[in-house]
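Novice: A predicted structure for the sequence below; I have some questions about it.
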Amino acid sequence: MGRVKEGWRYFAEQATELPNVREMMHEWDRVVQFSLSGEDPFYLTFSKGTVTISDGTHEKPDLTLEGPEDVFYRLMTGELDLMRAFMLEQFKFDGALRDAARFAEIGDAVRGSVKFPP
């Protein structure tokens, strides 16, 4: 398992345990696909205030994130600023901007509440 996927597995476990994050995920039923160079594809399913991680490629994700594994690892740890990376075209996304923004907010809330990644 790649380090980004492992980090998001931990994220999924922690997000469900944090009341403020569960509230952010409530009524935000979406699938976020990761398509990273250097790592097998995986996706996160947000549903009814919970999040799960699955291997593979989802048939119809709401948001797809693409780019180098290293960029997403540094984004995940907070070493790399999201807006800076986006403006420098270090990654791209396909989907609604509001979904990308909500996903970033949820990730920031988890990272701000627990040691992320472990």
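Specialist: Looks like it arrived, so ask away.
Novice: can you name every helix or strand that the top helix by length along the chain contacts?
Specialist: When the chain is parsed with DSSP state H, its longest helix is helix 97-113. Using 3 or more C-beta pairs under 8 Å, 6 or more residues apart in numbering; DSSP states H and E, the elements in contact with helix 97-113 are helix 3-17, helix 19-25, strand 30-37, strand 63-68. For glycine as for every other residue, the C-beta is placed from the backbone atoms N, C-alpha and C.
Novice: try 6 Å
Specialist: Secondary-structure packing of helix 97-113 (3 or more C-beta pairs under 6 Å, 6 or more residues apart in numbering; DSSP states H and E): helix 3-17, helix 19-25.
Novice: most packed of these?
Specialist: helix 3-17 (a mean of 19; mean count of other C-beta atoms under 10 Å).
Novice: what sits up against that helix?
Specialist: Under the criterion C-beta atoms under 6 Å, 6 or more residues apart in numbering, residues 21, 39, 42, 50-51, 53, 69, 72-73, 76, 110, 114, 117-118 lie in contact with helix 3-17.
Novice: for this structure, give me the ranges with low pLDDT.
Specialist: Judged by pLDDT under 70, the chain has its weakly predicted residues at 1, 116-118.
Novice: what do you get if the cut-off is 80, keeping everything else the same?
Specialist: Within the chain, the segments meeting pLDDT under 80 span 1, 114-118.
Novice: give me phi/psi at the residue of the chain most remote from its centre?
Specialist: Using C-alpha atoms, centre = their mean, the residue of the chain lying farthest from its centre is residue 88. It sits 19.3 Å away. Here is the backbone geometry of residue 88 (degrees, to the nearest 10): phi -90, psi 0.
Novice: now swap in residue 58 and tell me
Specialist: When read as degrees, to the nearest 10, the backbone of residue 58 gives phi -70, psi 140.
Novice: that one: what's it in contact with?
Specialist: 31, 33, 43.
Novice: from these, keep the buried residues only.
Specialist: Burial by neighbour count, judged by 16 or more other C-beta atoms under 10 Å, picks out 31, 33, 43 from the contacts of residue 58.
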